[in-house]
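Asks: Below are the sequence and a predicted model; questions follow.
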Amino acid sequence: MSEDRAAGGFKQVIVVNAALGLPPGKLAAQVAHAAVIGFLRAPAQAQRDWLQSGMAKIVLTCPSEEALAELAAQADSAGLPTGLVRDAGRTVVSAGTPTCVGIGPAEAARIDAVTGELKLLR
C-alpha cells in the first residue's frame, strides 16, 4: 500500500439534495443507501484501501435536484464510483426523487476535484 493510501488518502463523500429538507431519519437512510451503493461500485482495491484507512465519510449538501444530477454526472465522467439514490416514494418524497449521491470510496484528491466547493451538512 502506498504512503498516501496508508495515511488515509481515501474517502467517500455523500452529497444530499438540501432542497428536499428531509427529516433526520429519512436523511440518514438515504445517506446509508448512497454509502453502500458507492462502496459496491468501487474497485476491489479501492474498497480494501478505504476500509484499511478508516472508512472516512463526509456528508455534503447541494442546493437542488439539478445540481445533484450535474454533480453525479461530473463524478461519473471523472471515473469515480458513483451512485445516485432515487427514493422509492413510500414516505416523504415522490417515487424517483433523487435524494443524494454517493461518490467513492476513491482517492481524496480525485473526489475533492468534483466536490471541493460544496458545504458540509449541518
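Replies: It's in.

Asks: For residue 14, give me the pLDDT.
Replies: We have a pLDDT of 98 for residue 14.

Asks: Helix or strand next in line after whatever helix or strand it lives in, which one?
Replies: Assigned by DSSP states H and E, residue 14 belongs to strand 10-17. Toward the C-terminal end, the helix or strand that comes next after strand 10-17 (DSSP H and E) is helix 24-41.

Asks: Residues contacting the strand holding residue 14, please?
Replies: With CB atoms under 8 Å, 6 or more residues apart in numbering as the test, strand 10-17 has contacts from 22, 27, 30-31, 34-35, 38-39, 46, 49-50, 53, 55-62, 64-65, 67-68, 71, 98-108, 111, 115, 118, 121. C-beta: built from backbone N, CA, C; applies to glycine.

Asks: just checking, what's the longest strand in the protein?
Replies: The single longest strand within the chain, with elements called by DSSP state E, is strand 98-107.

Asks: Please name the strands paired to that strand in the sheet, noting orientation.
Replies: According to DSSP bridges, strand 98-107 has the following sheet partners: strand 10-17 (antiparallel), strand 82-86 (antiparallel).

Asks: Distance to residue 76 and mean neighbour count added to the ones you listed, as TSV?
Replies: Shown next, in TSV, are these (distance: least, CB to CB, whole Å; neighbours: other CB atoms under 10 Å):
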stretch	distance to residue 76	mean neighbour count
strand 10-17	13	25
strand 82-86	5	21
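
Asks: Residue 92: which of those strands is closest?
Replies: Residue 92 lies closest, by CB to CB, to one member of the strands paired with strand 98-107: strand 10-17, at 12.2 Å.

Asks: That closest one to helix 24-41, inter-axis angle?
Replies: 140 degrees (axes from the mean of the first three to the mean of the last three CA atoms, to 10 degrees).

Asks: Using PDB, write out the CA atom coordinates for strand 10-17.
Replies: Provided in PDB are the C-alpha atoms of strand 10-17 (Å, rounded to 0.1, in the frame of the first residue of the first chain):
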ATOM      1  CA  PHE A  10      -9.100   7.500   0.600                       C
ATOM      2  CA  LYS A  11     -12.600   8.700   1.400                       C
ATOM      3  CA  GLN A  12     -16.200   8.600   0.400                       C
ATOM      4  CA  VAL A  13     -18.500  11.600   0.000                       C
ATOM      5  CA  ILE A  14     -22.200  11.600   0.100                       C
ATOM      6  CA  VAL A  15     -23.900  14.700  -1.300                       C
ATOM      7  CA  VAL A  16     -27.500  15.400  -0.200                       C
ATOM      8  CA  ASN A  17     -30.100  17.400  -2.100                       C
END
